[in-house]
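Colleague: What follows is a predicted protein model with its sequence.
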Amino acid sequence: MKKILKYTLGLLAILMVFSCYDGIDPITEVDPGPDAGAPTVDIMKPADGFSISDPEPISSLEIEFVAEDDIELILITVSIDGSQIASYDSFTDYRVVSRELVYDNVEVGEHTLEVTATDIVGNVFTKTHNFSKEPPYVPMYATEIFYMPFDGDYTELVSSTAATETGAPGFAGESFAGLNALQAATSAAQDNYVSYPIADLELSTTMSGAFWYKVDATATRSGILTIGANADDRFQGFRLFREGNDVEQRIKLNVGTGTGESWNDGGVIAVADNEWVHVAFTISDTETKIYFNGVLQLTSTLAAPIDWTGCTELNIGAGGPTFSYWDHLGDTSAMDELRLFSSALSQNEIIEMIAQSDQVLYMPFDGSFNDVVSDITATETGTPGFAGDFYEGINSFQAATTTMEDSYLSVPFDGLGLGDAFSGTFWYKVNATATRSGILTVGANADDRLQGFRLFREGNDVEQRIKLNVGIGTGESWNDGGVITVANGEWVHVAFTVSPTESKIYFNGELQLTSTFSSPVDWTGCTELNIGAGGPTFSYWDHWGDTSAMDELRIFDKELSQEEIQSML
């Protein structure tokens, strides 16, 4: 009986197994076909060209990528600067693999991230992104307290503090400088913005703000910068905003004075121009001013100084919680290079800031031969040194100490990105021990002067003439500049500008001479900017190392106006 029961139970179990698979097709192996090629890799973080701004000597980097193959991935490696930091060979999905990791050992400098994927037949694909860690940001201006370049993140660089995001603020995909610009919203009525706590700014009753701005009127009105205490009145902080239509937009400023408010109706930007405009506003104890491209638009008086009572946040790209009414929501315009200052900037200071935005080289010569803009140290030929004297800072450059000394500095010309228009400025104290010398030279060869330019001096121990020669491809143009009296022993601000049709030389902001030419400068074959001598392409006629002192050398990729040059004095 027991045996019959056991057999019966076993039969029932077999029947149950078969019934579970009743109606289900059997698994059939499918041939995936031949491997069609190498895998692919997409790196989401960091963006190519991303720059880390962090005051700490060592930073962390977030890495995110996706690798895909049509058949099967067997290995993925992640390397930084040629050293492997991660490896993956086991996957849930062998065709599509996504990974996120953090690398905690990024030092100051340029770096390369490589993600390499290998498939089952040995095909290999490597994706590369370059990134960098910048030295801690040093404010460029005396009263600068806040700087956001918007180069892929919302970090404020003076304090290295990340802003808080509300909604989904993004980037414009274009910039005035750097990699990107802020675009808070992409359509009207989006309440997107970024916020920054103002406690560390220590705002007083005088302040300024400046940024580059490209108006987009998709949202016909929006907030731009707002610091407020509440949404019931406008008696504290300030509100910079725009209103208008798809033809023109007016930039306005409202300031709270504790028991009242002041309005500044600013100026109008033509939407169709689609140009970057430098917008600046200043607040003093008694008045506010709005500037476009350094030109004053409107001044408005204050009955009392600005009141910061109850203000906690700076909202960027919208009116924020205290000024979203009247539809001052997310801004569809592009904003770049936002700076705040603890002083009411003068018009000259604003103009100088605009000029310096086109600066491609800056050497202060304060104990090093470093270009602050590119963070590249110049190459030394001979024994260039320092003057032990300076116009600003702690030292200045002196290429040579005796005549016929072939000493100078060189920086790569390609990195300057110069076109048909450019300028150079520096402070200069003539020393006529060498009665002639090169000062700044970019040339292609020593056989002619048909490319680049040559700024140099010639004279005697009484006076020295600063001259400029420009190569225009099939010919050359001479500008005999002006004369500096050697015995004065004074620092002179020297500036030269080159446009597609003429060159100019200025001393202390005053025009010395203009020279015209028939075609623009020709850069064919030019590879180096030589500083302090004629260098290999202009050492003839005894234009060797300069015994004079040079300080605060700046090169710009545009023709500076006389007003911009005078703002630097």
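Modeller: Received, thanks.

Colleague: What segments of the stretch 201-350 of the chain are strands?
Modeller: Applying DSSP state E, counting those that start in this stretch to the stretch 201-350 of the chain gives strands spanning 207-214, 221-227, 238-244, 248-256, 261-270, 277-283, 287-292, 295-301, 313-316, 334-341.

Colleague: Between those, which one is closest to residue 71.
Modeller: Smallest distance to residue 71 across these (Cβ to Cβ): 43.7 Å, for strand 334-341. In short, each C-beta sits where N, CA and C put it, glycine included.

Colleague: And stretch 190-201, what's buried?
Modeller: Neighbour-count burial for stretch 190-201, counted by 16 or more other Cβ atoms under 10 Å, picks out 190, 191, 192, 193, 194, 195, 196, 198, 201.

Colleague: Return the subset of the residues you listed lying in strands.
Modeller: 193, 194, 195, 196 (DSSP state E).

Colleague: The first one touches residue 316, doesn't it?
Modeller: Yes - with contacts defined as Cβ atoms under 8 Å, residue 193 counts as touching residue 316 at a distance of 6.0 Å.

Colleague: Next, show the common contact partners of those two.
Modeller: Contact criterion Cβ atoms under 8 Å, 6 or more residues apart in numbering; residues shared by residue 193 and residue 316: residue 184.

Colleague: tell me the most buried of the strands of the stretch 201-350 of the chain?
Modeller: A comparison of those by mean neighbour count, using mean count of other Cβ atoms under 10 Å, puts strand 221-227 on top with a mean of 26.

Colleague: Give me the residues contacting that one.
Modeller: By Cβ under 8 Å, 6+ apart, strand 221-227 touches 184-185, 193, 198, 203, 209, 213, 236-244, 251, 308, 311, 313-320, 322-324, 326-333, 335, 338.

Colleague: Now residue 368. Nearest residue, chain neighbours left out?
Modeller: residue 377 (6.8 Å; Cβ to Cβ, 6 or more residues apart in numbering).

Colleague: Report the contact partners of that neighbour.
Modeller: 368, 369, 370, 371.

Colleague: For it, name its beta-bridge partners.
Modeller: residue 370 (DSSP bridges).

Colleague: With residue 212 instead?
Modeller: residue 278, residue 336.

Colleague: my guess is it meets residue 277, correct?
Modeller: Yes - if you go by Cβ under 8 Å, residue 212 and residue 277 touch, sitting 7.2 Å apart.

Colleague: want to throw the strands of the stretch 201-350 of the chain into JSON lines with mean pLDDT?
Modeller: Shown next, in JSON lines, are the strands of the stretch 201-350 of the chain (pLDDT from 0 to 100):
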{"stretch": "strand 207-214", "mean pLDDT": "98"}
{"stretch": "strand 221-227", "mean pLDDT": "97"}
{"stretch": "strand 238-244", "mean pLDDT": "98"}
{"stretch": "strand 248-256", "mean pLDDT": "98"}
{"stretch": "strand 261-270", "mean pLDDT": "98"}
{"stretch": "strand 277-283", "mean pLDDT": "98"}
{"stretch": "strand 287-292", "mean pLDDT": "98"}
{"stretch": "strand 295-301", "mean pLDDT": "97"}
{"stretch": "strand 313-316", "mean pLDDT": "98"}
{"stretch": "strand 334-341", "mean pLDDT": "98"}
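
Colleague: Helix, strand or coil: sort out the residue positioned nearest the centre of the chain for me.
Modeller: The chain has residue 178 as the residue nearest its centroid, 3.0 Å off, counting by Cα atoms, centre = their mean. Following DSSP: H, G, I helix; E, B strand; the rest coil, we place residue 178 in the coil state.

Colleague: My guess is it contacts residue 149. True?
Modeller: Yes - Residue 178 sits in contact with residue 149 when judged by Cβ under 8 Å, with a separation of 5.0 Å.

Colleague: Buried only: go through the contacts of residue 377 for me.
Modeller: Buried among the contacts of residue 377 by 16+ other Cβ under 10 Å: 369, 370, 371.

Colleague: got the buried residues of stretch 190-201 as JSON lines, with pLDDT and distance to residue 45 columns?
Modeller: What follows is the buried residues of stretch 190-201, written out as JSON lines (pLDDT from 0 to 100; distance: Cβ to Cβ, whole Å):
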{"residue": "190", "pLDDT": "94", "distance to residue 45": "24"}
{"residue": "191", "pLDDT": "94", "distance to residue 45": "26"}
{"residue": "192", "pLDDT": "96", "distance to residue 45": "21"}
{"residue": "193", "pLDDT": "98", "distance to residue 45": "23"}
{"residue": "194", "pLDDT": "98", "distance to residue 45": "19"}
{"residue": "195", "pLDDT": "97", "distance to residue 45": "23"}
{"residue": "196", "pLDDT": "97", "distance to residue 45": "23"}
{"residue": "198", "pLDDT": "95", "distance to residue 45": "29"}
{"residue": "201", "pLDDT": "92", "distance to residue 45": "30"}
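
Colleague: can you tell me which of these lies nearest to residue 413?
Modeller: residue 194 (38.1 Å).

Colleague: how is the chain carved up into domains?
Modeller: Segmentation of the chain into domains, based on automatic domain parsing, reads 40-134, 144-346, 359-567.

Colleague: Any idea which of those domains gets closest to residue 353?
Modeller: Comparing these by Cβ to Cβ, domain 144-346 comes nearest, at 6.3 Å.

Colleague: any residues in contact with both of residue 178 and residue 149?
Modeller: Shared contacts of residue 178 and residue 149, counting by Cβ under 8 Å, 6+ apart, come down to 336, 337.

Colleague: Give me the sheet partners of the helix or strand that contains residue 437 and which way each runs.
Modeller: Using DSSP states H and E, residue 437 maps to strand 436-442. In its sheet, strand 436-442 lies beside strand 453-459 (antiparallel), strand 528-531 (antiparallel), with partners assigned from DSSP bridges.

Colleague: Pick out the least confidently modelled helix or strand of this protein, by mean pLDDT.
Modeller: The helix or strand of the chain with the poorest confidence is helix 2-20; it has a mean of 46 (mean pLDDT, DSSP states H and E).

Colleague: Can you name the next helix or strand after that helix?
Modeller: Downstream of helix 2-20 (by DSSP H and E), the next one is strand 40-45.

Colleague: what comes up buried for that next one?
Modeller: Going by 16+ other Cβ under 10 Å, strand 40-45 has these buried residues: 41, 43, 45.
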